[in-house]
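Visitor: The following comprises the amino acid sequence and a computationally predicted model.
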Amino acid sequence: MENPSLTGNGCPVTGLGADFNPFEDPYLADPYPFLARVRADEPVFYSPELDYWVLTRHDDISAVFRDLESYSADIAQSPVKPLYPSVVQAIKDGGFTPTPIMSNCDQPKHTRIRRHTARAFTSRRIAVLEPYIRELVDKYIDAFEGRGHAELVGEMVYELPALVILKMLGIPDEDVAAIKSWSSNRLMLTWGRLSEIDQLEQVQGLIDYWHYCVRHIDRKLEHPGDDFPSDLIAVRDGNDEILTIEEIVNVVYGLLIAGHETTTSSSANAVRSLLEDGMAWTELSENPDLIVNAVEEMLRINTSVISWRRRTKVPVTIRGVDIPKDAKLLLMLASANHDPDVFPEPDKIDLHRNNSKDHISFGLGIHFCFGAPLARLELRIILEHLTRRLPRMKLVDGQTFRFHPNTSFRGPIELQVEWPQP
Ligand code: HEM
């Protein structure tokens, strides 16, 4: 790539962009003040730390998502920081062979895979999960309700969305700990900034995760059940032009991370934001009809996917900044969701906001989050049950929130809450 300081109108390397370090505090603890500054003063900038061009405004990011001629999604799952050669070798030796199928796949292959995958991800497949989600949420609350306090991530939302996606995929509950741990390996290898030793430590999890998915589909081919992979195999109907077995393995591998890390963090973020507001939790407890919009407002104000990626297929000019072909773009969804041009008083929770749904936490266009209906359902049920059963819940004072250092996925590692006992 050309030296970015020599391209474009003005010098994008100087100024606020040079301060961008998504792996450390203060950004990690709270990215919003930094994002507000760059959105106002330098809305498109080059980050030398990442070698990415960073976009922060709602309209610019929306335009990128919609423009399939100028932008490719093919880097969406590539490591943000290159892997060390020893790690690349370990991956090769381990037989880890995923192929692009959805989030990092362009048309026309994406269209075929998404269309046929959607035939198995039916509203029935989601609806049958609702009683199970309600039962699970109640079970977790039963376990800590009488105690007057809980660490809500570890004791509830860490495993909950994973158990839901495992049920959908026909995977036994007892594998949840392994899946969560492998997902975290994958997340940190792809979106983190690890040392060589740390990358080598995480990589075995990634390989195990892949082979687990391969074996799972092998089992489903022999013994189909009432689950999503078996439905995919039925949709395929033995025809590689619809979906290959390898593509089905990749779909399952993809859903096994997309389907829970995001919702774990979104629900923790939602509870935290509502409780920090002071009034919002009480308002929801007293008026549960507001919960559907509250889910959108929470996705807007404190999204768990704070950034997503694209690559330029041609040279482009965005807001006067020239960006070369094959440049990597980091689209700051969290910033777009706080853009005052779209959301008046963007940092304030407004459960009655009439355009909360215009957030772009699920992306936009052909790659719009495939699991959004399930994520919305889970968030709604979690908020319904928690506000009904624990209306006087509050955050434990004085806690410090910690986050995994990575560019894209954000949610507190722990969330301490308490409520008065009767
Ligand atoms: C609150 C939770 C979630 C958030 C914030 C979220 C966010 C996102 C985002 C930002 C994208 C990229 C969109 C784009 O490139 O335009 C995406 C894609 C995707 N998500 Fe989600 N997601 C969530 C939950 C889920 C769940 C529960 C599932 C699975 C059941 C899922 C499956 C997917 C898949 C398969 C894609 C790729 C779609 C495609 O490329 O066509 N997500 N999601």
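Guide: Nice, thanks for sending it over.

Visitor: Restricting to C-alpha, output stretch 128-141 in PDB.
Guide: Output in PDB follows, covering the C-alpha atoms of stretch 128-141 (Å, rounded to 0.1, in the frame of the first residue of the first chain):
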ATOM      1  CA  VAL A 128     -39.100 -23.300  19.100                       C
ATOM      2  CA  LEU A 129     -36.200 -21.900  21.000                       C
ATOM      3  CA  GLU A 130     -38.400 -19.300  22.900                       C
ATOM      4  CA  PRO A 131     -39.700 -21.600  25.600                       C
ATOM      5  CA  TYR A 132     -36.200 -23.000  26.100                       C
ATOM      6  CA  ILE A 133     -34.700 -19.500  26.400                       C
ATOM      7  CA  ARG A 134     -37.300 -18.500  29.000                       C
ATOM      8  CA  GLU A 135     -36.700 -21.700  30.900                       C
ATOM      9  CA  LEU A 136     -32.900 -21.100  30.900                       C
ATOM     10  CA  VAL A 137     -33.200 -17.500  32.000                       C
ATOM     11  CA  ASP A 138     -35.500 -18.400  34.900                       C
ATOM     12  CA  LYS A 139     -33.200 -21.200  35.900                       C
ATOM     13  CA  TYR A 140     -30.200 -18.800  36.200                       C
ATOM     14  CA  ILE A 141     -32.300 -16.200  38.100                       C
END
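
Visitor: Give me the buried positions along that stretch.
Guide: Leu129, Ile133, Leu136, Val137, Tyr140, Ile141 (16 or more other C-beta atoms under 10 Å). Just so you know, the C-beta spots here come from the backbone N, C-alpha and C atoms, and that holds for glycine as well.

Visitor: can you list contacts of that stretch?
Guide: 155-156, 160, 163-164, 167-168, 374, 377-378, 381-382, 385-386, 389-390 (C-beta atoms under 8 Å, 6 or more residues apart in numbering).

Visitor: And the average pLDDT for that stretch is what?
Guide: For stretch 128-141, mean pLDDT is 97.

Visitor: Measure how far that stretch is from the centre of its chain, please.
Guide: 22 Å (C-alpha atoms, centre = their mean, to the nearest Å).

Visitor: hmm, it in reach of the ligand?
Guide: No. Using C-beta under 6 Å from any ligand atom, we find that stretch 128-141 stays clear of the ligand, coming within 10.0 Å at best.

Visitor: what residues does the stretch 201-350 of the chain put near the ligand?
Guide: Checking the stretch 201-350 of the chain against the ligand by C-beta under 6 Å from any ligand atom, the hits are Gly254, Leu255, Ala258, Gly259, Thr262, Thr263, Ser266, Thr303, Ser304, Val305, Trp308.

Visitor: could you redo the buried residues of stretch 128-141 as JSON lines and give each row secondary structure?
Guide: JSON lines is the format used below for the buried residues of stretch 128-141 (DSSP: H, G, I helix; E, B strand; the rest coil):
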{"residue": "Leu129", "secondary structure": "helix"}
{"residue": "Ile133", "secondary structure": "helix"}
{"residue": "Leu136", "secondary structure": "helix"}
{"residue": "Val137", "secondary structure": "helix"}
{"residue": "Tyr140", "secondary structure": "helix"}
{"residue": "Ile141", "secondary structure": "helix"}
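
Visitor: ok, so of those, who is nearest the ligand?
Guide: Of all the buried residues of stretch 128-141, Leu129 has the smallest distance to the ligand: 10.0 Å, by C-beta to the nearest ligand atom.
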